[in-house]
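Visitor: Any chance you can model this:
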Amino acid sequence: QVQLVETGGGLVQAGGSLRLSCAASGRTFGSYAMGWFHQAPGKEREFVARISQKGDITDYADSVKGRFTISKDNAKNMVYLQMNSLKPEDTAVYYCAADAYSVIGSRLPSAYDYWGQGTQVTVSS
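Guide: Numbering: from 1, shown residues only. Got it, this is the predicted structure:
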């Protein structure tokens, strides 16, 4: 079992940057594919980015491609989401998630086994 804790959210102006971090407990972090999702008020949780167990394969939603970068440090049990050129439509609660059964994870929230509590990102125009 793994516990996930996200940090790094906050209020930023459009065009700014934030770096989200997700700290994971457990000794087998390297065996988990990881994902970032976001959820705006009144909307469903949506895929943002995913990264493979080893951190060598990544995938992004079209809406963030070229602006966001996901990375994973298995030695530190950490996964990151660097968010640049932020837009007001990026405003949401951001969650990291761990997939214990897939090499690269999934774009579907239902595929993930563990979730953090979320961190709020607000982008002002």
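Visitor: residue contacts, the residue nearest in space to the middle of the chain?
Guide: For the chain, the residue nearest the mean C-alpha position is residue 36 (2.3 Å; CA atoms, centre = their mean). With contacts defined as CB atoms under 8 Å, 6 or more residues apart in numbering, residue 36 is in contact with 20, 22, 48, 49, 50, 70, 79, 81, 94, 95, 96, 97. Where C-beta positions appear, they are placed from N, C-alpha and C, glycine not excepted.
Visitor: Relative to residue 115, how far out is the second one?
Guide: This points to residue 22. Distance, residue 22 to residue 115, by CB to CB, to the nearest Å: 10 Å.
Visitor: Name the residue in those two with the higher neighbour count.
Guide: residue 22 (26 against 17; other CB atoms under 10 Å).
Visitor: I'd say that one and residue 80 touch.
Guide: Yes - the criterion here is CB atoms under 8 Å, and residue 22 meets it with residue 80 at 7.3 Å.
Visitor: if we can go back for a sec, for the contacts of residue 36, which one is nearest residue 106?
Guide: residue 50 (7.0 Å; CB to CB).
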